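Undergrad: Sequence and predicted structure, then a few things I'm wondering about:
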Amino acid sequence: MRAATAPRVAIWTLLLTLALATSIATAVTIGPADIGFDEVWASIASHLGLGATPLSPLRDGIVWELRLPRVLTAAAVGAGLAIAGAVMQAITRNSLADPYPLGLSSGASLGAVAVLVLGVAVLLPVAAFLGALLALAATLLIAGAGGSLTPSRTILAGIAVSSLGAALTSFVIFWTATGDSYREILSWLLGSLAGSSWSTVLIAGGGILIIGVPLMLGGRMLDAFAFGDTSAAALGVNVTSTRWLMLVGTALLTGGMVSVSGSIGFVGLVLPHAVRLIVGARHRALLPLAALTGAIFLIWCDTAARALFDPRELPVGIVTAFIGAPVFVLLLVRSRRLT
Amino acid sequence: MSPITHSLGHPLVRLTAIAAIGALALTGCAADGGAVAAPAPAAETSAAVIDNCGTLVTAASPSPLPSPERIVTIKSTSTEMLLALGLADRIVGSAFQDGPVPSEWAEIAEQIPVISDFAPGQEAVLSLEPDFVYAGWESMLTAEAAGDRESLAGLGVETYVAPSACKDPGYQPEKLGFDDVFADITEAGAVFGAEEAASELIAEQSDALDSIAADTRGLSALWYSSGTDTPYVGAGIGAPQMIMERLGLGNIAADVNDTWSPLGWEAIIDADPDVIVLVDASWNTAGSKIDSLEQNPVTAQMSAVRASRYLVIPFAAGEAGVRNVSATADLADQLASINVE
Amino acid sequence: MTGSAEAGGAECAMTTRSLSVVLGGRRVVDSVDSRFGSGQVTAILGPNGAGKSSLIRVLAGVDRPDSGEVAWQGRDWFASGRRDRARVAALVEQDAGAELPLTVRMAVELGRTPHGSFLAGHSHGDARIVAAAMIDAGVADFADRQISTLSGGERQRVHLARALAQHPRLLLLDEPTNHLDVHAQLSTLTLVRNLAARDGLAVVAALHDLNLAVGFADNVIVLDAGRLVAAGPPAAVLTPALISRVWRVSATVLSHPVTGAPVIAFDLPERTHS
């Protein structure tokens, strides 16, 4: 791995930003409905107040209500998961960490299952987010019970809550799922962007702005953790509160993403590794570049998920796993050659 | 803290849940049409032995064996088949029903004990001391549900799956047709010793089927079963296709080579079907589907949604069985009263 | 036998008074008075569990004492904020082996953390200090190599470079030579002694090896079960009687045939008279 000098990082940032813009522009023109590139953009422009749409209301709806929100949500979720994964890997000093700490993912699943199977009359994203928060609360409660609330106790408590949440989810499904309702649950558990709308763009995008950006700005503090807690403390970092802030920030960011798209795997685990190989572990560079890469990656995985088997659709989590797993193996092999 | 215990946190969660779903998915296959006289592995050793999805079943007639007297039915299609053949008094219990039976059988059906609203367990089934288990889905005859076919046979309990629900290639038909449905009735008559009732029923249903006038307006349709983000629709080779063809409706998913399939909204909206057939189930009503169609800003633009051109069919009638003909007739009536300008 | 000897005329940079640290119900540092002078190397000695690391951590400002006072240049050490403390004191721990892919330069740059603002990136001034630190620690030649490709001794020097990049007035080392080969041990300690002399750093090192302490330290502090048992110049403090009492081994102090410096030779058990 070559040294990541400032010019190198700047070049990569520029390239990736351009790639993201191009990806959004292109992905929006891909889909089962046969709509031309210029027609798509004319339609989008008309919604922004520039000219009239050349498409029928229905096909215009396909572009503006289906494709564009979906591509934008994919970008935001991909970025959010990549940031969350990178931060988790830094604060736990564990490069196998993923962005689903503290039982969040299984809490959100339980919320989703409550809506999809038990027919609880709440909006799915709200239920998922509430489930995630409940799991977080349970984790913190268990970790704090009978001892001091340290990060390692918290993460272990998170594993316990995860397993419990998964068991409860499975139980509810087995016990009550009738007919073909299991399909929706499976799709949600694997992660799917099919339910994207302008509200999900708001939620996911908001998550990035409100939580993702501050996390990225704290990159310097994350670097200090590289050699352990004592080193970080000796460098003047408030280890405990920094860790908590990062942990809770990641949990909220992830909770927001999961409530919108289910638990999409591999993005938060693999992409930070890949970006680290190119620009190194300095988080001021790593986090934004990982965000950009995550956005591009998920846009294209989702495009494949909805267009590859036209007119059928796959949950995007299947595609990220298919691509993510071999990429992960590749990274493992490459990293072994470095050490 | 070991890296391994932490990394087990999420992936294990996911794996457990997916294994659970996967197992449930196996127990929930949709029924398809089946050719009884299946091409490849048909082992017709004698007229009295039938190859039922790979397991040999001895028909009650013509054979010296007595007809089954204590039958457990799983899923509505099997219960309804026996009710239609007049064999209600031989049913000792039913499980995993998909909805209420048609009104003509309502009183008789009340008498049938319900083992479970969901997939029954082996002990629960066996405690009724049945001599036969008749399942509407192949996955009901596994160890996780009513019991493995071989082990049940070992206990003296014969089993039979609606041939239309067989999943293995060679048993699943290329495309379900009404002759397949009628052949299923004939075979059921043989298996349960009610051949006369079977031929009467078929004659009745054939007449009814013939008298249905197909719509001539060349309309396109979507068969919408469930799913809000990704709809699960009737595709090209199963009961939905069969019914829609008979009605003269063009299935927008006819090219998809499956009985039912998930379909992206974009493809559906692009096709803009003239009519939407809504499957009505207690866990997913036609009403809730209409609501979600109307509330979604883009599906609300579909011509069928704006003009409320909906046909409704109960879930049980949408799988291959004795209700297909009457359901088709009912849908034809609903279709006739729909205006398309 | 307690004592607090004069720190030989040098300025007393850091002092502790009745310092105690309690861990898990045990007093790991028990009422220790100590002084550490600028421009001097002070070694903290003692058997395992004597409290050396705990004392170092308090001096580094990483842990707070349970009772007693710690003063830096006469002022309460813990009255300043952590970042201010980190600009004064730098800690070099034993190399733990980081898994993250870092180059030597990146690792050393971490030392600038307490100096930059939360949001700022690296400045030119930072780059110069980092370069100087790498040269001082002798790792400039592999500035762009992955630290995972370095030997133990080289990595230890990278940690030292990082501490130097903090531009400290107090340099703390927690058993920095334990797993190094002889050459690396001697060169590391020579380096810190020279830095103490050149830049006036107060260097405090917890050491196991008594001969290294004799060879490199201006003063030593001996801890036993958390209590201070002796302090002063190494030759005066490390007598066979003290060694026998604290480390429970028999030793003889010899004179180096060439330099005349004291050399502590341990009597191996079979050869001891009963």
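TA: Received, thanks.
Undergrad: Can you find the helix or strand of the chain with the lowest average pLDDT?
TA: Picked chain A for this. helix A:181-190 (a mean of 76; mean pLDDT, DSSP states H and E).
Undergrad: and A:Arg70, what element?
TA: In the assignment (DSSP states H and E), A:Arg70 maps to helix A:68-91.
Undergrad: The following helix or strand past that helix vs helix A:68-91, what angle?
TA: Using DSSP H and E, the helix or strand that follows helix A:68-91 towards the C-terminus is helix A:104-116. Angle of helix A:104-116 versus helix A:68-91, following axes from the mean of the first three to the mean of the last three Cα atoms, to 10 degrees, is 150 degrees.
Undergrad: Can you tell me which helices and strands helix A:104-116 packs against?
TA: When contacts are defined as 3 or more Cβ pairs under 8 Å, 6 or more residues apart in numbering or on different chains; DSSP states H and E, helix A:104-116 sits against helix A:124-144, helix A:151-176, helix A:181-190, helix A:239-261, helix B:9-27. For every residue, glycine as well, the C-beta is placed using N, CA and C.
Undergrad: For the first one, buried residues please.
TA: Same thing as helix A:124-144. Neighbour-count burial for helix A:124-144 flags A:124-125, A:127-136, A:138-140, A:142-143 (criterion: 16 or more other Cβ atoms under 10 Å in any protein chain shown).
Undergrad: How about the longest one?
TA: Within helix A:151-176, the residues scored as buried using 16+ other Cβ under 10 Å are A:151, A:153-159, A:161-170, A:172-174.
Undergrad: right, is that helix up against chain B?
TA: Yes - legend: contact between helix A:151-176 and chain B by Cβ under 8 Å from any Cβ of the partner chain is shown at A:152, A:155-156, A:158-159, A:162-163, A:165-167, A:169-170, A:173-176.
Undergrad: what's the closest of the residues you listed to chain C?
TA: Comparing the residues of helix A:151-176 next to chain B against chain C with Cβ to the nearest Cβ places A:Ser152 closest, at 16.0 Å.
Undergrad: ends of stretch A:213-226, how far apart?
TA: Using Cα to Cα, to the nearest Å, the end-to-end distance of stretch A:213-226 comes out at 21 Å.
Undergrad: which residues are contacting that stretch?
TA: If you take Cβ atoms under 8 Å, 6 or more residues apart in numbering or on different chains as the criterion, stretch A:213-226 is touched by A:83-84, A:87, A:90-91, A:93, A:231-232, A:235, A:237, A:239, A:242, A:245-246, A:249-250, A:253, A:281-288, A:291, C:98, C:100, C:102, C:106-107, C:110, C:113, C:116, C:118-120.
Undergrad: Can you pull the phi and psi angles for C:Ala60?
TA: phi -80, psi -10 (degrees, to the nearest 10).
Undergrad: Which residue, other than its chain neighbours, is closest to it?
TA: C:Leu91 (4.2 Å; Cβ to Cβ, 6 or more residues apart in numbering or on different chains).
Undergrad: Look at that neighbour and give its secondary structure.
TA: Of the three states, C:Leu91 takes strand under DSSP: H, G, I helix; E, B strand; the rest coil.
Undergrad: what sits against the closest residue to chain A within the stretch 101-250 of chain B?
TA: Nearest residue of the stretch 101-250 of chain B to chain A: B:Asp229, at 3.7 Å (Cβ to the nearest Cβ). Contact analysis of B:Asp229 by Cβ under 8 Å, 6+ apart lists A:Glu184, A:Ser187, A:Ser192, A:Ala194, A:Gly195.
Undergrad: chain center to stretch A:122-138, what's the gap?
TA: Distance of stretch A:122-138 from its chain centroid, counting by Cα atoms, centre = their mean, to the nearest Å, is 16 Å.
Undergrad: quick one: is it near chain B?
TA: No - with Cβ under 8 Å from any Cβ as the criterion, chain B is not reached by stretch A:122-138; the gap is at least 8.6 Å.
Undergrad: and whatever residue of chain A ends up closest to chain C, how many neighbours?
TA: Distances between chain A and chain C by Cβ to the nearest Cβ are smallest at A:Gly236, namely 2.9 Å. A:Gly236 is flanked by 22 other residues according to other Cβ atoms under 10 Å in any protein chain shown.
Undergrad: One more: B:Glu196?
TA: B:Glu196: 12 neighbours (other Cβ under 10 Å).
Undergrad: three-state assignment of it?
TA: Once three-state DSSP is applied, B:Glu196 turns out helix.
Undergrad: Not counting sequence-adjacent ones, nearest residue to it?
TA: Per Cβ to Cβ, 6+ apart, closest to B:Glu196 is B:Gly189, 7.7 Å.
Undergrad: so who does that neighbour touch?
TA: B:Gly189 neighbours (Cβ under 8 Å, 6+ apart): B:Leu85, B:Glu195, B:Glu196, B:Ala197, B:Ala198, B:Ser199.
Undergrad: next one: C:Leu172
TA: Counting by Cβ under 8 Å, 6+ apart, C:Leu172 has contacts C:Ile56, C:Leu59, C:Ala60, C:Ala89, C:Ala90, C:Leu91, C:Val92, C:Val204, C:Ala205.
Undergrad: Restrict the one helix or strand it maps to to CA atoms and write it as PDB.
TA: Assessed by DSSP H and E, C:Leu172 sits inside strand C:170-174. Extracted in PDB, the C-alpha atoms of strand C:170-174 (Å, rounded to 0.1, in the frame of the first residue of the first chain):
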ATOM      1  CA  LEU C 170       8.000  14.500  30.200                       C
ATOM      2  CA  LEU C 171       8.700  11.300  28.500                       C
ATOM      3  CA  LEU C 172       7.400   8.100  30.200                       C
ATOM      4  CA  LEU C 173       8.400   4.600  29.100                       C
ATOM      5  CA  ASP C 174       6.700   1.500  30.500                       C
END
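Undergrad: Following the chain past that strand, name the next helix or strand.
TA: helix C:182-199.
Undergrad: How about that next one, which residues are buried there?
TA: Neighbour-count burial for helix C:182-199, with 16+ other Cβ under 10 Å as criterion, is recorded at C:Ala184, C:Gln185, C:Thr188, C:Leu189, C:Leu191, C:Val192, C:Arg193, C:Leu195, C:Ala196, C:Asp199.
Undergrad: so the fourth one makes contact with C:Ala213?
TA: Okay, so that is C:Leu189. No - C:Leu189 is beyond contact range of C:Ala213, at 9.4 Å (criterion: Cβ atoms under 8 Å).
Undergrad: any idea what B:Glu174 is structurally, helix, strand or coil?
TA: Three-state assignment for B:Glu174 (three-state DSSP): coil.
Undergrad: which residues does it contact?
TA: B:Glu174 touches B:Ile237, counting by Cβ under 8 Å, 6+ apart.
Undergrad: got the contact list for residue 134?
TA: Since you didn't name a chain, this refers to chain A. A:Gly107, A:Gly111.
Undergrad: ah, I was thinking of chain B
TA: Contacts of B:Tyr134 by Cβ under 8 Å, 6+ apart are B:Ile71, B:Val72, B:Thr73, B:Ile74, B:Ser78, B:Met81, B:Leu82, B:Thr159, B:Tyr160, B:Ala162.
Undergrad: which ones among those are found in strands?
TA: Among those, DSSP state E puts B:Ile71, B:Val72, B:Thr73, B:Ile74, B:Thr159, B:Tyr160 in strands.
Undergrad: Show the contacting residues for the fifth one.
TA: Right, the one you point to is B:Thr159. By Cβ under 8 Å, 6+ apart, the neighbours of B:Thr159 are B:Thr55, B:Val57, B:Phe132, B:Val133, B:Tyr134, B:Ala135, B:Leu141, B:Arg149, B:Leu152, B:Ala153.
Undergrad: Nothing else from me, thank you.
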